[in-house]
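S.K.: below are the sequence and a predicted model for it; my questions follow.
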Amino acid sequence: MGTRTLEGKIALVTGGSRGIGRAIARRLGRDGATVAVAYARDEAAANEVVEGIRKDDGRAFALHAELGRHGDAASLWGAFDAYADDYTPGGAVDIIVNNAGIGRSADLASLTEDGFDEVFAVNVRAPFFIVQQGLKRLCDGGRIINISSGAARLALPEIMAYGATKGALDTFTLNLAKELGPRGITANSVAPGIIDTDVNASWLRGNPDAEAHAASLAALGRVGQPEDVADIVAFLASDDARWVTGRVIDATGGSGL
Ligand code: NAD
């Protein structure tokens, strides 16, 4: 049981059905927040996350939200409103966690315009418009937490468009902090290194050499787990982090030291 520091708060977590988003949703739920677990296609997995939070005496609901196309942010908030009577008075929200994201492996030569558009649509456009269209609901003193990547600050030519999306997200975060600071709203990015989730399963899991290499990249000598990221998000969401804004918080276990 967490310390329930977020009792009475309402949190939206995109991509909350698996991986890092699932760990964030569970942790915020344990801390007492009512969690909207947004999912794209995996409704059953989102319902499992909701059930897990409820078993911890928390409050949560699953929210269908495919992201990346024009109008998707409006649809997300429309779906959110459908829960307003039960969970969110007036459709208010205290914590927005933009976690949903996709990676696309493509170097400069092989990157297609469609591939570029897709990764920017999900990783950049969706967070922009979720925040823009959520602003009137976001309470003063609220929190915006964007899940970025260490790749924003590394030269990784094989995933250069992905890295560029996270760089754009970090710049968005910086501007949000400035614009929304007068309302006591903080905006921060969390930038994970290699985390053991489905996106890395194909090359990492069951491959001891790859795991040893990935572990060696972190000063702390292991591969990151979703909970390592979720705990940082929980701190940023809490009142203890009220004086931290406009920052990119490293969640790499000390990569590149
Ligand atoms: P994941 O693939 O397990 O989860 C991604 C989530 O985003 C899923 O819930 C998925 O449904 C959702 N999503 C993807 N496309 C979507 C769309 N079009 N509409 C709505 N939802 C969509 O990956 P993860 O590792 O948990 O990644 C979560 C976040 O962390 C991403 O933003 C990712 O870029 C970032 N990140 C991950 C790592 C890592 O090593 N795993 C490292 C750095 C940053």
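M.R.: Alright, I've got the coordinates.
S.K.: now do the residue of the chain most remote from its centre against residue 151, distance only.
M.R.: Ranked by distance from the centre of the chain (CA atoms, centre = their mean), the top residue is residue 109, with 29.6 Å. Distance, residue 109 to residue 151, using CB to CB, to the nearest Å: 19 Å. Every residue, glycine included, has its C-beta placed from N, CA and C.
S.K.: host element of the residue farthest from the centre of the chain?
M.R.: Residue 109 belongs to no helix or strand when elements are defined using DSSP states H and E.
S.K.: look at it and report its pLDDT.
M.R.: We have a pLDDT of 96 for residue 109.
S.K.: same thing with residue 84?
M.R.: 88.
S.K.: ok, the one 5 residues further on next?
M.R.: The predicted local distance difference test score for residue 89 is 87.
S.K.: distance from the worst-scoring helix or strand of the chain on mean pLDDT to the middle of the chain?
M.R.: Every helix and strand of the chain was ranked by mean pLDDT, DSSP states H and E. The lowest is helix 198-204, at a mean of 94. A distance of 19 Å separates the centroid of the chain from that of helix 198-204, by CA atoms, centre = their mean, to the nearest Å.
S.K.: what does the next helix or strand after it contact?
M.R.: Downstream of helix 198-204, the first helix or strand assigned by DSSP H and E is helix 208-216. Applying CB atoms under 8 Å, 6 or more residues apart in numbering, the external contacts of helix 208-216 come out as 194, 200, 203, 204, 205, 221, 222, 223.
S.K.: buried sites along helix 208-216?
M.R.: Using 16 or more other CB atoms under 10 Å as the test for burial, helix 208-216 gives 210, 211, 214.
S.K.: in stretch 198-210, which residues are buried?
M.R.: For stretch 198-210, a neighbour-count test (16+ other CB under 10 Å) marks 199, 200, 204, 210 as buried.
S.K.: before we move on, what about stretch 119-136?
M.R.: 119-127, 129-131, 134-135.
S.K.: check stretch 146-156 too.
M.R.: 146, 147, 148, 149, 150, 151, 152, 153.
S.K.: which of these fall in helices?
M.R.: Nothing among these maps onto helices, per DSSP state H.
S.K.: ok, the residues you listed vs the ligand, which is closest?
M.R.: Among the buried residues of stretch 146-156, residue 149 lies closest to the ligand (CB to the nearest ligand atom), at 3.6 Å.
S.K.: hmm, that closest one is touching residue 192, no?
M.R.: Yes. Under the criterion of CB atoms under 8 Å, residue 149 makes contact with residue 192 at 6.3 Å.
S.K.: quick check, the longest strand along the chain touching the ligand?
M.R.: Longest strand in the chain, counting residues (DSSP state E): strand 138-147. Yes. Counting by CB under 6 Å from any ligand atom, the ligand has neighbours in strand 138-147: residue 147.
S.K.: relative orientation of the helix or strand just after that strand and strand 138-147 in degrees?
M.R.: For strand 138-147, the succeeding helix or strand toward the C-terminus, using DSSP H and E, is helix 160-180. Put simply, helix 160-180 runs at 160 degrees to strand 138-147, going by axes from the mean of the first three to the mean of the last three CA atoms, to 10 degrees.
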